[in-house]
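1. starting from these lines, generate the structure:
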Amino acid sequence: MTIGDFPEPITEEQAGVGIRDAFARLYTPHRMAYIKGEGKPHGDDCPFCTIPGLDDAEGLVVARGQACFAVLNLYPYNSGHLMVVPYRHVSGYDELTSGEAAELATMTQHAIRALRHASGAQGFNVGMNLGSIAGAGIAAHLHQHVVPRWGGDTNFMPVVGQTRVLPQLLPDTRDLLARSWSQV
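-> Below you'll find the predicted structure:
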């Protein structure tokens, strides 16, 4: 799924919903495919194996190393949410070679520096969900999340409104981070 595949959210009036009350609603029906798991990779259909074959802009690749690459998350928690992914298709952290693990750690450090430089991030959530039971959306291919955080970024929109507000389109974020990556 690419950026162009997402339609604009629609209003209550456009959705033709019933009784008016004091609540505003933002409908994003295109998200239902993600919730239902439609389009999730099956078998050899792994997006993390496909992305390295794409050009950086199309694949949203921020940086490439020898064993790993950094890529923006299509479903970001915050603007700049990226992942560091080994090229080799492995599901477990314990399956990485020592060289792959070292580069994953080094690229994670670099990602933090690039995000801080590009966006003034004040903190970070860094981690992996190993296995679908642990919350991994794509459990078959290990990936480490790097999520930039700012004071006040957990406000009523995500907490109460269950809505994430992203101030920049993913291609623009990719360009900004790719430039910052080379500067730090």
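
2. now do the SS call for M107.
-> Per DSSP: H, G, I helix; E, B strand; the rest coil, the local secondary structure of M107 is helix.

3. quick one, grab the pLDDT at it.
-> At M107, the pLDDT value in this model is 98.

4. the one 10 residues further on now?
-> Model confidence at H117, expressed as pLDDT, equals 95.

5. assumed it was part of a helix.
-> Yes: according to three-state DSSP, H117 belongs to a helix.

6. give the closest residue to it in space, chain neighbours not counted.
-> Among residues not flanking H117 along the chain, S180 sits closest, at 4.6 Å (CB to CB, 6 or more residues apart in numbering). Yep, even glycine has a C-beta here, placed from its N, CA and C like the rest.

7. count of neighbours near that neighbour?
-> 21 (other CB atoms under 10 Å).

8. what's near enough to touch it?
-> 114-115, 117-118 (CB atoms under 8 Å, 6 or more residues apart in numbering).

9. may I ask which two of these are separated the most?
-> Within the contacts of S180, L115 and H117 form the most distant pair, 7.3 Å apart (CB to CB).

10. in the protein, what helix or strand scores lowest on average pLDDT?
-> When the helices and strands of the chain are compared on mean pLDDT, DSSP states H and E, helix 156-159 comes out lowest with a mean of 52.

11. tell me where the model's unsure across the protein.
-> Counting by pLDDT under 70, the chain has low-confidence residues at 1-44, 154-167.
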